[in-house]
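In: Quick one, what's the 3D model for this:
(chains A and B)
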Amino acid sequence: MGCQQLAAVTYPDPNVCFSVENNFIPLQIDFNKNKALVRRYAVKWTPTIIILDSDGEEHHRFVGYLPPEDFIAQIVLGKGKVEFDLDRFEQAMQCFQEILVRFPKADAAPEAQYYLGVSKYKASHDPKELKLGLEFLQRDYPSSEWTKKAQVYSLIP
Amino acid sequence: MGKQIQWETSLTTTKAKAKKGKKLILMDFYNNL
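Out: Residues are numbered from 1 along each chain as shown, chains lettered A, B, ... in the order given. Presented below is the predicted three-dimensional model:
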């Protein structure tokens, strides 16, 4: 049912189409027919969306139907995580910032805020960026698990 | 009718296109049932 909703609602959305085509090569795998890839990526439920680099290495995934805005937020988050994993922190920051500006109410936004703070720290080696990131999380997403995860940064002197 | 997403069906072809175009891969596992 989730796959049919993605096909009927999310994928035809012009903004989704633009975001996908501009940043990704899109690949659809039939869960019932391609058992090798299902095993390789340990997929257990559909729809499962996985963001890979061009070597096929996984960097981000999400499971289940999402409406267009949340879907775009998740794929931009995935792009940011690829950049982060490859130590391209400036590019990662742009992605995380884009989510916070365009989709501040999306479920992906607190994670983007968390990784924005971490990316700023990795780029600058200044621990105050982690504390600043925590302050934004506490202000904008007080009940998020990402705020809980960042709570430890309050111990930074 | 607006533009539609043009899906690939082979990971090998997709990886080659991603390398050539300096893009990432969005892989959707779907189920028609």
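In: what ranges do the strands span in the chain?
Out: I went with chain A, as the question did not name one. For chain A, the strands defined by DSSP state E cover A:24-30, A:48-52, A:58-63.
In: try chain B instead
Out: B:24-30.
In: Can you pull the poorly scored residue ranges out of it?
Out: Chain B contains residues with pLDDT under 70 at B:1-2, B:33.
In: Also chain A?
Out: For chain A (pLDDT under 70), the answer is none.
In: quick one: contacts of stretch A:117-127?
Out: If you take CB atoms under 8 Å, 6 or more residues apart in numbering or on different chains as the criterion, stretch A:117-127 is touched by A:80, A:84, A:87, A:89-90, A:92-93, A:96, A:129-130, A:132-134, A:136-137, A:150, A:153, A:156. The C-beta positions use only the backbone N, C-alpha and C, and glycine is treated the same way.
In: who in chain B is up against chain A?
Out: For chain B, the contact set with chain A under CB under 8 Å from any CB of the partner chain comprises B:2-11, B:14-15, B:17-19, B:21-33.
In: Any quick ChimeraX command for the buried ones out of these?
Out: The ChimeraX selection below is limited to those of the residues of chain B next to chain A classed as buried (16 or more other CB atoms under 10 Å in any protein chain shown):
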select /B:5,7,8,11,14,15,17,18,23,24,25,26,27,28,29,30,31
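In: Among the residues of chain B next to chain A, name the ones in helices.
Out: B:11, B:14-15, B:17-19, B:21 (DSSP state H).
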